[in-house]
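Novice: Got a predicted structure plus its sequence, pasted below:
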Amino acid sequence: MTLSLQEPATAVVATGLRKAYGDHVVLDGIDLRVPAGTVLALLGPNGAGKTTTVRILTTLITADGGVASVAGHDVRRDGDAVRAAIGLTGQFAAVDELLTGAENLAMMAALHHLGRAERQRRTDELLSQFDLVGAARRPAATYSGGMRRRLDIAMGLVGRPRVLFLDEPTTGLDPRSRRDVWRLIRELVAGGTTVFLTTQYLEEADRLADRIALLDHGRIVAEGTPAELKRLIPGGHLRLRFTDPSQLTAAARIFENGTRDDEELTLRVPGDSALTSLRGLLDKLDEASIDAAELAIHTPDLDDVFLALTGQPTEATR
């Protein structure tokens, strides 16, 4: 396969990436393609190779095999251009806790060779965008985990990167801070930034990603939109709950492929949320004069996909 490094609508391209440390194979020939202005979530259990992938694409380490480009630049041959086009936020905040929030941003602006006036403008813009104006003059050591993470992401945006790599950016954050980061990511993508996100949180990938690549033991085992991945896994069903045991028994006779639970007075019938499935089930109940107290629909979610394809529970469900 020939890799085009200049596709204008593609922000990240990787073909056949391989990386090993001695006998331990971390990446075993992965392919990735991220359209510009979208979010790709690279999902996988601990040790699957997510961070190694990010480190290769951001030129921190070199691959043993394969080719890759970011923002149209080859990561091996044109590392300076790649680094000029990207931002990177790792799993742990890289802020200097002895400096204030404003000083951290100004320091990063200086590293990007911004002039004094532009440095101040960019610092003020990011403090406002990330809701840190009130804490701008306080040492970062006094910041909460969520504030420190917002500052860390802001520092990665000083150079207005075309592609932002976020390596497990919400690990350790409380639910409110996590949602704050999600909001910021959506705003960045709406403004045209491409986001390459690694995460162990299924809800995070489901809410943010345009496409998800599931990495396990160094290989991409599935890729697609969240909806496409959910359709890979069987297990959709309709759950009926009854208040009268005789009604449960009558329903079980009609739906012979159902699974009954006499203790819970429920019947699980294979099916999905399509209107035809629902209409057919309700018509059969009506014809038999059976009254269900409750009807619930279950469709496979990303937890089901993750468990089925990797054999491991997700971090969020352990």
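Specialist: Perfect, I can see it now.
Novice: any idea how far Arg162 is from Ala81?
Specialist: 11 Å (CB to CB, to the nearest Å). All C-beta spots, glycine's among them, are computed from the backbone N, C-alpha and C.
Novice: tell me, what's touching these two both at once?
Specialist: Both Ala81 and Arg162 are in contact with Ala71, where contact means CB atoms under 8 Å, 6 or more residues apart in numbering.
Novice: right, and Thr15 touches Ala63 too?
Specialist: No: checked against CB atoms under 8 Å, the pair Thr15 and Ala63 is beyond contact range at 10.5 Å.
Novice: if you count what's nearby, which of these two comes out ahead?
Specialist: A count of neighbours by other CB atoms under 10 Å puts Ala63 above the other of Thr15 and Ala63, at 22 against 17.
Novice: which residues does that one contact?
Specialist: For Ala63, the contacting residues are Leu17, Arg18, Lys19, Leu27, Ile56, Arg76, by CB under 8 Å, 6+ apart.
Novice: Those residues, buried ones only, as a ChimeraX selection?
Specialist: This is the ChimeraX syntax for the buried subset of the contacts of Ala63, where burial follows 16 or more other CB atoms under 10 Å:
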select :17,18,19,27,56
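Novice: Report the two members of the contacts of Ala63 separated by the largest distance.
Specialist: Farthest apart among the contacts of Ala63 by CB to CB are Leu27 and Arg76. That separation is 14.7 Å.
Novice: In this protein, what residue spans correspond to helices?
Specialist: Along the chain, the segments classed as helices by DSSP state H run 50-57, 79-85, 101-111, 116-129, 145-156, 175-190, 202-208, 226-230, 245-254, 275-287, 302-310.
Novice: Please report how far the residue nearest the centre of the chain lies from Arg160.
Specialist: Compute the mean C-alpha point of the chain, and by CA atoms, centre = their mean the closest residue is Ala205, 3.0 Å away. Computed as CB to CB, the Ala205 to Arg160 distance reads 26 Å.
Novice: in the stretch 201-318 of the chain, which ranges drop under the pLDDT threshold?
Specialist: Scanning the stretch 201-318 of the chain for pLDDT under 70 picks out the ranges 234-235, 272-275, 311-318.
Novice: ok, 80 please
Specialist: For the stretch 201-318 of the chain, the stretches flagged by pLDDT under 80 are 231, 233-237, 271-277, 298-301, 304, 307-308, 310-318.
Novice: hang on, Ile297 packs against Leu238?
Specialist: Yes: contact status for Ile297 versus Leu238: in contact at 5.9 Å, counting by CB under 8 Å.
Novice: would JSON lines of the helices of the chain with distance to Thr38 be doable?
Specialist: Formatted as JSON lines, the helices of the chain follow (distance: least, CB to CB, whole Å):
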{"stretch": "helix 50-57", "distance to Thr38": "15"}
{"stretch": "helix 79-85", "distance to Thr38": "16"}
{"stretch": "helix 101-111", "distance to Thr38": "26"}
{"stretch": "helix 116-129", "distance to Thr38": "21"}
{"stretch": "helix 145-156", "distance to Thr38": "18"}
{"stretch": "helix 175-190", "distance to Thr38": "7"}
{"stretch": "helix 202-208", "distance to Thr38": "10"}
{"stretch": "helix 226-230", "distance to Thr38": "13"}
{"stretch": "helix 245-254", "distance to Thr38": "45"}
{"stretch": "helix 275-287", "distance to Thr38": "30"}
{"stretch": "helix 302-310", "distance to Thr38": "18"}
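Novice: give me every residue that touches Leu215.
Specialist: Ile30, Leu42, Leu43, Gly44, Ala48, Gly49, Lys50, Thr53, Val221.
Novice: from those residues, which single one is nearest Leu282?
Specialist: Leu43 (36.4 Å).
Novice: What residues are bridge-paired with that closest one?
Specialist: Bridge pairing for Leu43 (DSSP bridges) gives the partners Thr199, Leu214.
Novice: Burial check on it, number of neighbours?
Specialist: Neighbourhood size, Leu43 [other CB under 10 Å]: 31.
Novice: pLDDT at it, what is it?
Specialist: Note on Leu43: pLDDT of 91.
Novice: For it, give me its contacts.
Specialist: Counting by CB under 8 Å, 6+ apart, Leu43 has contacts Lys50, Thr198, Thr199, Gln200, Leu202, Ala205, Ile212, Ala213, Leu214, Leu215, Leu302, Phe306.
Novice: What of Gly22?
Specialist: Applying CB under 8 Å, 6+ apart to Gly22 gives no contacts.
Novice: what's the closest of the contacts of Leu43 to Gln120?
Specialist: Distances from Gln120 to the contacts of Leu43, taken as CB to CB, are shortest for Thr198 (33.1 Å).
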